[in-house]
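Enquirer: how does the following fold in three dimensions:
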Amino acid sequence: MFGGVFGGGSQKPAQPAAPTGMPGMGQMQADPNAQLAAAEQEMEMVTDMFARLNDLCYKKCLIQRYNDEELTKAESVCADRCVAKFFQINREVSDKLAKYSQANQ
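Expert: So this is what the prediction gives:
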């Protein structure tokens, strides 16, 4: 789940590599369909997380009467804090789940 961008997660995206015939360049994964499926699943997770974040912060921060096309200062500050808290909690939960998973292996 885009660990560097969204603050955690124990999954790492598959890294493309050179064919095994090249020394020191790593190994190429055998199944490109598996890479595609993993990328699609990761995209679905990111899209879902963005939708939840958007819905939550929109309901919490944006005034439902549209008097102006620009965000007010209060709306902007609220949205910034909402997003920061969302990602902080996401990272903390991901870290705890990763520790729990490692402890149970």
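
Enquirer: may I see the buried residues of the helix or strand where Phe50 lies?
Expert: Taking DSSP states H and E as the definition, Phe50 sits inside helix 32-61. Within helix 32-61, the residues scored as buried using 16 or more other CB atoms under 10 Å are Gln35, Glu42, Met49, Leu53, Cys57, Cys61. To be clear about C-beta, it is placed using only N, CA and C from the backbone, and glycine gets the same treatment.

Enquirer: how close does the closest residue to the fourth one other than its chain neighbours get to Asp80?
Expert: Nearest residue to Leu53, sequence neighbours excluded (CB to CB, 6 or more residues apart in numbering): Phe86, at 5.2 Å. Remark: distance between Phe86 and Asp80 (CB to CB, to the nearest Å) = 11 Å.

Enquirer: before we move on, the earlier item: neighbours around the residue nearest to Leu53, how many?
Expert: Residues lying near Phe86 (other CB atoms under 10 Å) number 17.

Enquirer: before we move on, what about Lys96?
Expert: When neighbours are defined as other CB under 10 Å, Lys96 has 11 of them.

Enquirer: Ser101 now?
Expert: By the criterion of other CB under 10 Å, Ser101 has 10 neighbours.

Enquirer: do Cys82 as well
Expert: A count of nearby residues for Cys82, using other CB under 10 Å, gives 17.

Enquirer: name the nearest residue to it, sequence neighbours excluded.
Expert: Among residues not flanking Cys82 along the chain, Cys57 sits closest, at 3.9 Å (CB to CB, 6+ apart).

Enquirer: hmm, the one you found is touching Val83, no?
Expert: Yes: taking contacts as CB atoms under 8 Å, Cys57 lies within contact range of Val83: 6.1 Å.

Enquirer: find the least confident helix or strand in the chain, judged by mean pLDDT.
Expert: Lowest by mean pLDDT, DSSP states H and E among the helices and strands of the chain is helix 3-6, with a mean of 45.
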